[in-house]
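Enquirer: Turn this into a structure:
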Amino acid sequence: MEIAALITWLVTAVGGIVMLGIWISRGGNRPPRSSKFPPGLIFGHFALAAIGLVLWIIYVAADNEALAWAAFVVLLPVALLGFGMLARWLPTYRSSAVVAAADTAGSAPGVPAERHFPVAVVAGHGLFAVTTVVLVLLTALGVGGS
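Expert: Numbering: from 1, shown residues only. Next comes the predicted model:
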């Protein structure tokens, strides 16, 4: 089960890196900022997720139960930050005014960078993230272990 968690975590990371790249390339971190995501939220989510992934990789290599629990504990604020970003992204995505003003070739003034996130990437990232949290918890609890 720890390998399944590793795989889902890596897939989740790919989706997150894609969205981070879009956010940065569309001016999410450059003034004037129209993004609904403060840079601390974005980079905090990314940094904690990366730390947790490193802990999980070490756990898989070393099979140390404390590392599994540490990775799970790190995942909790990652998940909370992720839900916070989803809550901020949904109104941006649903806004018809933003859709009308969106410039598909670049970043139109006032259009949040996160408006350009592909829905499939957001949904896949969230689905794999939830799956990862569940698999990490089950592994830490010893469910399905050898």
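
Enquirer: Tell me which helix or strand the residue most central in space within the chain sits in.
Expert: The chain has Gly16 as the residue nearest its centroid, 4.6 Å off, counting by C-alpha atoms, centre = their mean. Following DSSP states H and E, one finds Gly16 within helix 2-25.

Enquirer: How far off centre is the helix or strand harbouring Val121?
Expert: Val121 is part of helix 119-141 when elements are defined by DSSP H and E. Chain-centre distance of helix 119-141: 10 Å, with C-alpha atoms, centre = their mean, to the nearest Å.

Enquirer: could you give the angle of it to helix 2-25?
Expert: Compare the direction of helix 119-141 with that of helix 2-25 by axes from the mean of the first three to the mean of the last three C-alpha atoms, to 10 degrees and you get 140 degrees.

Enquirer: What lies in contact with helix 119-141?
Expert: Here helix 119-141 makes contact (C-beta atoms under 8 Å, 6 or more residues apart in numbering) with 1-2, 4-5, 8-9, 11-12, 15-16, 18-19, 56, 65, 68-69, 71-72, 75, 78-79, 82, 86, 89, 93, 144-145. Every residue, glycine included, has its C-beta placed from N, CA and C.

Enquirer: Please apply the same query to stretch 31-46.
Expert: Stretch 31-46 is contacted by residues 16, 20, 23, 27-29, 78, 81-82, 84-85, 88-89, 91-92, 109-114 when judged by C-beta under 8 Å, 6+ apart.

Enquirer: Would you point out the helix or strand in this structure whose mean pLDDT is lowest?
Expert: Lowest by mean pLDDT, DSSP states H and E among the helices and strands of the chain is helix 96-101, with a mean of 49.
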